[in-house]
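S.K.: I'd like to go over a predicted model; first the sequence, then the structure.
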Amino acid sequence: MRETDHVTENLAGPSSWVLGTRGSDLARTQAGQVAEALTAAGAGPLEMRIVRTEGDVTTGSLASLGGTGVFAGALRTALKAGTADVVVHSLKDLPTTPEPGLRIAAVPPRADVRDALCARNGWTLATLPAGARVGTGSPRRAALLRLARPDLEVVDIRGNVPTRLARTENDLDAVVLAMAGLVRLGLEARATEVLDPADMLPAPGQGALAVETRAEVPEPLAGALAVVDDLPTLVAVTAERQLLASLEAGCAAPVGALATVESGVLTLEAIAAAIDGGRALRSSQRTSIDLDGDREAAIATARRLGRDLGLELLGQGAGELARARP
């Protein structure tokens, strides 16, 4: 598999598929893993093409740029223009509103869902000194950090994973990152604490990847995508993202959610928090689910659970919390 920049060159021939990705080390690593899985599943040759997105070339907080969906737009444009046949997103960064003419064709098995604290001096969240400066670009993480430790100074930051980690050696005492990204980059040793979801619920879809295509996908790519797709992961992230959609909060809102499937039971836990950490609502629901039966019925069950928990939280005022700004 070769990498190209779609702005300057197209090396993919008629017998190859073009896989579009952002240019960061993490994005290219994730795309490479998907490409290897698709090739092993019989998709045929793939060429990786770098797509520059608005989120990669603009500054400012993600919230001010319209949320993490700024990373998806250029990749989707490449799909629609035919300059890519398949693109790879971090699912937590993908808007919940479907894009006309496109579909999420596969969700591979999920990696670690948890957040990780990466701090100087081996500090944990509990042992960080009062007034410690902790960096994150996520309103959810900012809200939950303030909820857990109101004495911390939470600093809004941007940049790729190595850039953020480097700041703990300069102006920050710690940063919070997705553990899945650290593992994919071989940087898991930088985590001084992996945060328990009981204390820090992850973003909806965190740890999962979304493989998006045009609505109609020819063989053998379609068959390979079906092999790569993982139903337990798909069901879990469907419930989480439906909850987010029900709250009408957007993928950059201070909302955490985690769905798990165990012994035929789908459990969804969620939290909606004020960005200043002053208030939060947390609840959970569960339902029976059959992953060995009809696939679409299982997905519909997940959607209902996400919708029902979302409506419950909305009734408690979660919508206002999720949309509030400091």
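M.R.: Done, it's in.
S.K.: The strand or helix carrying Leu305 packs against which elements?
M.R.: Following DSSP states H and E, the helix or strand that holds Leu305 is helix 295-315. In this structure, helix 295-315 packs against helix 231-247, strand 255-262, strand 265-273, strand 280-288, with contacts taken as 3 or more C-beta pairs under 8 Å, 6 or more residues apart in numbering; DSSP states H and E. (Each C-beta comes from the backbone N, C-alpha and C, glycine too.)
S.K.: Which one, of the ones you listed, ends up nearest to Ala35?
M.R.: Evaluated with C-beta to C-beta, the helices and strands packed on helix 295-315 place helix 231-247 nearest to Ala35, the distance being 18.4 Å.
S.K.: lowest-confidence helix or strand of the protein?
M.R.: Across the helices and strands of the chain, mean confidence by mean pLDDT, DSSP states H and E is lowest for strand 3-5: a mean of 44.
S.K.: All the strands of the stretch 1-150 of the chain, in order from the start?
M.R.: Taking DSSP state E, counting those that start in this stretch as the test, the strands found in the stretch 1-150 of the chain are 3-5, 17-21, 46-50, 86-90, 102-106, 115-119, 133-136.
S.K.: Throw those into CSV and include mean neighbour count and distance to Thr301, thanks.
M.R.: Below are these laid out as CSV (neighbours: other C-beta atoms under 10 Å; distance: least, C-beta to C-beta, whole Å):
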stretch, mean neighbour count, distance to Thr301
strand 3-5, 14, 40
strand 17-21, 24, 32
strand 46-50, 22, 34
strand 86-90, 26, 24
strand 102-106, 20, 18
strand 115-119, 25, 28
strand 133-136, 22, 33
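S.K.: Minimum distance to Leu185: which of these has it?
M.R.: Among these, strand 115-119 comes nearest to Leu185, with 11.9 Å by C-beta to C-beta.
S.K.: quick one, the closest one and strand 255-262 angle?
M.R.: Orientation of strand 115-119 against strand 255-262 (axes from the mean of the first three to the mean of the last three C-alpha atoms, to 10 degrees) gives an angle of 120 degrees.
S.K.: still on that earlier bit, for the helices and strands packed on helix 295-315, please prepare CSV with the additional fields mean neighbour count.
M.R.: Converted to CSV, those look like this (neighbours: other C-beta atoms under 10 Å):
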stretch, mean neighbour count
helix 231-247, 25
strand 255-262, 22
strand 265-273, 23
strand 280-288, 15
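S.K.: Now do the contacts for the most centrally placed residue in the chain.
M.R.: Central residue of the chain (C-alpha atoms, centre = their mean): Lys92, 2.0 Å from the mean position. Contacts for Lys92 were tallied using C-beta atoms under 8 Å, 6 or more residues apart in numbering; they are Thr68, Ala178, Pro202, Ala203, Pro204, Gly205, Gln206, Gly207, Ala208, Cys251.
S.K.: and the helix or strand containing Val155, which residues are buried?
M.R.: Secondary structure assignment for Val155, by DSSP H and E: strand 153-156. Taking 16 or more other C-beta atoms under 10 Å as the neighbour-count basis, strand 153-156 is seen to contain the buried residues Val154, Val155.
S.K.: Can you show me the CA trace of that strand as CSV?
M.R.: Included here for strand 153-156 are C-alpha records, laid out as CSV according to Å, rounded to 0.1, in the frame of the first residue of the first chain:
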residue,chain,number,x,y,z
GLU,A,153,-7.0,24.8,35.6
VAL,A,154,-8.3,23.2,32.4
VAL,A,155,-6.6,24.6,29.3
ASP,A,156,-8.0,24.3,25.8
